[in-house]
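Asker: Predicted structure and sequence below. I'll ask about it afterward.
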Amino acid sequence: MSESLQHKQLVKLIIDTTILIVGKDNSALIATDAVDGYALPLLTSEGFRPDVHYCHQGKLIIGEAKTSSDIERLHSRKQYESYIKECALFQGEAILLFAVPWSDHATINNIVKKIAKRYPGNYRIEILDGIGGSI
């Protein structure tokens, strides 16, 4: 399935944020299927492939981009739960990054915080807002 321009922009936001966290020297270890030149992310145990994945030296980053029309779908909710479980089970520092249009920040926050309550662990969830009207 071809991804929309908006989705690609949101994935780029996750990649850029991941590079800020891990450093340029480790950027080659980022996996994504949304941008050429990167390895393909592995599937979670439930069979979902995140938009961005990084795992190296005790740090896990999972990134998922969602457009407004996709945030509340059942499939998306199952993805969120799968990624939260992966982070909760990880032995090290785990970060789950979501990139959404700025107008959808509260919606995704409410959904993932509710799911996260069921999966305690040493991880954090960050929501990256696309800015302006273009994202």
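Answerer: That came through, no problem. Residues are numbered from 1 along each chain as shown.

Asker: Which positions within the longest helix anywhere in the chain qualify as buried?
Answerer: Secondary structure of the chain read by DSSP state H shows that its longest helix is helix 5-22. Buried residues in helix 5-22, counted by 16 or more other C-beta atoms under 10 Å: 6-7, 9-15, 17-18, 22. In this view, the C-beta of every residue, glycine as well, is placed from N, C-alpha and C.

Asker: Going along the chain, name the strands of the chain.
Answerer: Under the criterion DSSP state E, strands of the chain are mapped to 31-32, 52-56, 59-65, 93-101, 123-130.

Asker: For G130, which non-adjacent residue is spatially closest?
Answerer: With sequence-adjacent residues excluded and distances taken as C-beta to C-beta, 6 or more residues apart in numbering, G130 is closest to P101, at 4.8 Å.

Asker: how about the strands of the chain, which one is nearest K114?
Answerer: Comparing the strands of the chain against K114 with C-beta to C-beta, the closest turns out to be strand 123-130 (11.5 Å).

Asker: Partner strands of that closest one, with direction?
Answerer: When sheet partners are counted by DSSP bridges, strand 123-130 sits next to strand 93-101 (parallel).

Asker: List the contacts of the partner strand.
Answerer: For strand 93-101, the surrounding residues in contact (C-beta atoms under 8 Å, 6 or more residues apart in numbering) are 6, 10-11, 13-14, 17-18, 21, 52, 58-68, 71, 83-84, 86-88, 107-108, 112, 121-130, 135.

Asker: Mind doing that once more with 7 Å?
Answerer: Strand 93-101 is contacted by residues 10, 13-14, 17, 21, 58-68, 71, 83-84, 87, 108, 112, 122-130, 135 when judged by C-beta atoms under 7 Å, 6 or more residues apart in numbering.

Asker: low-scoring stretches of this protein, by residue?
Answerer: The model of the chain has pLDDT under 70 over residues 1-2, 131-135.

Asker: if we go to 50?
Answerer: Counting by pLDDT under 50, the low-confidence segments of the chain come to 1, 132-135.

Asker: mind checking how far the residue nearest to G130 is from H53?
Answerer: Applying C-beta to C-beta, to the nearest Å, one obtains 22 Å for the distance of P101 from H53.
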